[in-house]
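>>> whatever this is, show me its structure:
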Amino acid sequence: MLKAVILAGGRGKRLRPITDYVPKPLIPLNNIPIIEWQVKYLKKQGIKEIIICTGYKAEMIKNYLEMKNNFGIKIKISVEKIPLGTGGAIKQAGLSIKDKSFFVLNGDTITNINLKQLAKKQNAIASIELKTKFGIMETQNDIVTKFKEKKEISDLWMNAGIYHLQNEVLKDLPKKGDIEKTVFPDYAKKGKLRTVKFKNVFWYSIDSFKDMEECSEELQK
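As a prediction, the model looks like this:
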């Protein structure tokens, strides 16, 4: 019965001019907005209630979700009057979370990561193998021996933007600021932060027009 928080308050500056007119969560991938892909993903993972943290063009997001009104899952909106950062947004949304733990999902992440696996560890970050969009060269004695395109780099893990957090984290979060720059470094120093590693999963962070194009193609497959 866990709740999930979607961090969807950013301006999406790198996707201008589209985001001058619509908020990033409403940008369509194969005619379905990012936020709808995420809600359906969370419902499939067994989540019963979602709190969406919004700021920029919040009314448009709220209106879209109310218009759809057929997801079969409880959705709340937590509006930031001023930008609070990821930590502040989670802290504000957390006022309505009484469960022992909850999930957090970045508002531009499209994935199929298994949340039940992530839930096995407290205060855990989902991690995936680092990906590169550039061709990798294998070399020997300064001679190029082979090219590999868009390779996942083994044994280097990146933050997938999906977290399983215990309720007590809320008191440590800043009222304004990013969780990645405040609580996470502090917890890491104290040995209080875990990770669950996922290999060969579907994962995209929609930060550019190229990301939109590549993710849309993969979703069609």
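>>> got a list of contacts for the strand ranked longest in the chain?
Assignment by DSSP state E gives strand 152-166 as the longest strand of the chain. Applying C-beta atoms under 8 Å, 6 or more residues apart in numbering, the contact partners of strand 152-166 are 90, 100-106, 108-109, 111, 113, 115, 118-119, 121-132, 136, 179-180, 195, 197-198, 203, 205. C-beta coordinates here come from the backbone N, C-alpha and C atoms, glycine included.
>>> C-terminal to it, which secondary structure element comes first?
Along the chain past strand 152-166, the next helix or strand (assigned with DSSP states H and E) turns out to be helix 169-172.
>>> tell me the buried residues in that next one?
Buried residues in helix 169-172, defined by neighbour count with 16 or more other C-beta atoms under 10 Å: V169, L170.
>>> check the spatially most central residue of the chain and give its pLDDT.
Taking C-alpha atoms, centre = their mean, the centroid of the chain lies closest to N106, which sits 2.2 Å from it. Listed pLDDT for N106 reads 91.
>>> if it is in a bridge, with which residues?
Counting by DSSP bridges, N106 forms beta bridges with L7.
>>> for the lowest-mean-pLDDT helix or strand in the chain, list every residue counted as buried.
Within the chain, no helix or strand scores below helix 18-21, which has a mean of 78 by mean pLDDT, DSSP states H and E. Neighbour-count burial for helix 18-21, with 16+ other C-beta under 10 Å as criterion, is recorded at T19.
>>> run through who's touching it.
Contact with helix 18-21 is made by R11, G12, K13, I27, Y56, as judged by C-beta under 8 Å, 6+ apart.
>>> okay if I get the residues you listed as TSV plus distance to K221?
Output for the contacts of helix 18-21, formatted as TSV (distance: C-beta to C-beta, whole Å):
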residue	distance to K221
R11	31
G12	25
K13	30
I27	20
Y56	31
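>>> which stretches of the protein form strands?
Assigned by DSSP E, the chain shows strands spanning 3-7, 28-29, 32-33, 49-54, 74-79, 101-106, 109-111, 124-131, 136-140, 143-148, 152-166, 194-198, 203-205.
>>> show me what the mean pLDDT comes to for the second one.
Pointing back at strand 28-29 there. Mean pLDDT, strand 28-29: 85.
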